[in-house]
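> Build me a model from this:
(one chain, ligands or ions: 1)
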Amino acid sequence: MDRVKFNDALEMSRLVYGMWRLGDDADTSVDHIRNKISACLDQGITTMDQADIYGGYEAEEILGSALTPELRNQIEIVTKCDIVAPVGRYSNARVKYYDTSRAHILSSVDHSLRLMKIDHIDLLLIHRPDPLMDACETGAALDEVVASGKVRAVGVSNFRPWDWELLQASMKTPLVTNQIEISLLHHAPFANGDIAFHQKNGQPPMAWSPLGGGSLFEPKNAALRTALKTIGDDHGVDEAAVAVAWLLAHPARILPVLGTNNLDRIARIGDAAKIQIDRETWFDLYTHALGHEVA
Ligand SMILES: NC(=O)c1ccc[n+]([C@@H]2O[C@H](COP(=O)([O-])OP(=O)(O)OC[C@H]3O[C@@H](n4cnc5c(N)ncnc54)[C@H](OP(=O)(O)O)[C@@H]3O)[C@@H](O)[C@H]2O)c1
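Numbering: from 1, shown residues only. Sure thing, here's the model as predicted:
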């Protein structure tokens, strides 16, 4: 499995396992979580993507219950903060909102460390751009969590280039990545400047919902699925692997974050890295995704 080096303290696997849906699984037993992580490790997938809010602020604790010191040492843990939703520990909130204040970031990091029973977070992301962000305060708080050793690297999620520049200008620590939605069903970032911005700066972006959160498999996408299946049959992999390989083929070095709860599918996430999508095939799929040929 290809690995991406973000800085001297952080390297991640090119394919990442996302834990947003961890708590939705009928089986959240320690054994089942360990089996999922083992299935990832067997393929060289060492990076696990979390967020404080996942599972109503409970997914981190589910992961923490399954982590042994040995397992923790084999993985990198990404988590996020700033979304406050009126559930779980924030059930008193009147409304869902974003909080990029120093107090919230520091307290969220401490919660995450405690719930996952770990002594550092490998990568902390600001989950969503906050219209009330005071970049100086947020940037200083991110510098502070890195300096304290509680966090190895920091980045953002769902930021546009101007949000990134605003925050980065107020920080000493370089932001290392932006986790954004990218897939055959959400391909705007290839043309709207989001990917180009990070490619220019040498910051590999992470792609959330690379299978459209499962909507790729809906009947309305039958033609795209047929194209994926035809390519997959030629390479001995399934359609999901081809959809992810389509992201891997881009020179920005995108890191797809897969979220299946199905053990058989988890065991096949790595298939995407076994095939090469050439230029013509890439455009064949892009044409299906656009619904028309390129100009
Ligand atoms: N930063 C952000 O704002 C943000 C937002 C959303 C997600 N994320 C991250 O991205 C990760 C991945 O997101 P995601 O779960 O939406 O990604 P995804 O991999 O695009 O979608 C996973 C969904 O697709 C279904 N699926 C996968 N393969 C399938 C197949 N062959 N046939 C039918 N259904 C299939 C899965 O169902 P099964 O479980 O039944 O396989 C699951 O419900 C999350 O876990 C989270 O870590 C980040």
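> Name the nearest residue to the residue in the stretch 151-295 of the chain positioned nearest to the ligand, ignoring sequence neighbours.
At 1.9 Å from the ligand, Gly259 is the closest residue in the stretch 151-295 of the chain, using Cβ to the nearest ligand atom. The C-beta positions use only the backbone N, C-alpha and C, and glycine is treated the same way. In space, and not counting its chain neighbours, Gly259 is closest to Gly18: 4.1 Å by Cβ to Cβ, 6 or more residues apart in numbering.
> which residues does the one you found contact?
Neighbouring residues of Gly18 by Cβ atoms under 8 Å, 6 or more residues apart in numbering: 48-49, 208, 257-259.
> Repeat the analysis, applying 10 Å as the threshold.
Taking Cβ atoms under 10 Å, 6 or more residues apart in numbering as the criterion, Gly18 is in contact with 47-51, 54, 78, 179, 206, 208-210, 256-260.
> Please flag which of the residues you listed sit within strands.
47-49, 78, 179, 206, 208, 256-258 (DSSP state E).
> Format these as TSV; extra columns: neighbour count, pLDDT and distance to Tyr286.
Shown next, in TSV, are those (neighbours: other Cβ atoms under 10 Å; pLDDT from 0 to 100; distance: Cβ to Cβ, whole Å):
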residue	neighbour count	pLDDT	distance to Tyr286
Thr47	26	98	27
Met48	25	98	30
Asp49	26	98	26
Val78	28	98	28
Gln179	26	98	22
Met206	26	98	20
Trp208	22	98	19
Pro256	25	98	16
Val257	22	98	21
Leu258	24	98	21
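> just to confirm, which helix or strand has Lys5 in it?
Assessed by DSSP states H and E, Lys5 sits inside strand 3-7.
> On the C-terminal side of that strand, identify the next helix or strand.
With DSSP H and E, the next secondary element past strand 3-7 is strand 10-13.
> got a pLDDT number for Gly232?
Looking at Gly232, its pLDDT stands at 98.
> how about the nearest residue to it, chain neighbours excluded?
Val242 (4.7 Å).
> Isn't the one you found up against Ala272?
Yes - between Val242 and Ala272 there is a contact under Cβ atoms under 10 Å: 7.6 Å.
> interface residues of the stretch 101-250 of the chain facing the ligand?
Residues of the stretch 101-250 of the chain found near the ligand (Cβ under 6 Å from any ligand atom) are 157-158, 179, 208-214, 217, 240.
> Are any of these buried, and if so which?
157-158, 179, 208-212, 240 (16 or more other Cβ atoms under 10 Å).
> With respect to Arg94, which of those is nearest?
Taking Cβ to Cβ as the measure, Asn158 is the one of these closest to Arg94, at 23.1 Å.
> Once you drop chain neighbours, what's closest to that closest one?
In space, Asn158 is closest to Arg128, 5.0 Å off (Cβ to Cβ, 6+ apart).
> give me every residue that touches Ile105.
Each residue near Ile105 by Cβ under 10 Å, 6+ apart is listed here: 81-82, 99, 124, 126, 137-138, 140-142, 144-145, 151, 154.
> I meant Ala273, not that one.
So Ala273 contacts 1-2, 13-15, 43-45, 241, 244-245, 248, 256 (Cβ under 10 Å, 6+ apart).
> Just the buried residues from those residues, in PyMOL please.
Only the buried entries of the contacts of Ala273 go into this PyMOL selection, using 16+ other Cβ under 10 Å:
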select buried, resi 13+14+15+43+45+241+244+245+248+256
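> So which residues of the chain form strands?
Using DSSP E, strands in the chain cover 3-7, 10-13, 16-18, 47-49, 76-81, 83-84, 97-98, 121-126, 151-157, 175-181, 206-208, 255-258.
> Parallel or antiparallel, list what pairs with the fifth one.
If I follow you right, that is strand 76-81. Counting by DSSP bridges, the strands paired with strand 76-81 are strand 47-49 (parallel), strand 121-126 (parallel).
> Pull the distance from the longest one to the chain's centre.
Read that as strand 121-126. For strand 121-126, the separation from the chain centroid amounts to 11 Å (computed by Cα atoms, centre = their mean, to the nearest Å).
> pLDDT at the closest residue to Gly44 other than its chain neighbours, what is it?
Once flanking residues are discounted, Gly44 sits nearest to Met1: 2.9 Å by Cβ to Cβ, 6+ apart. Note for Met1: predicted pLDDT of 92.
> Next: Ala9.
Confidence score, pLDDT, at Ala9: 89.
> quick one: contacts for it?
Contacts of Ala9 by Cβ under 10 Å, 6+ apart are 120, 122-123, 146, 149, 151-153, 176.
> What of Pro69?
Pro69 makes contact with 117-118, according to Cβ under 10 Å, 6+ apart.
> so how far is the ligand from it?
23 Å (Cβ to the nearest ligand atom, to the nearest Å).
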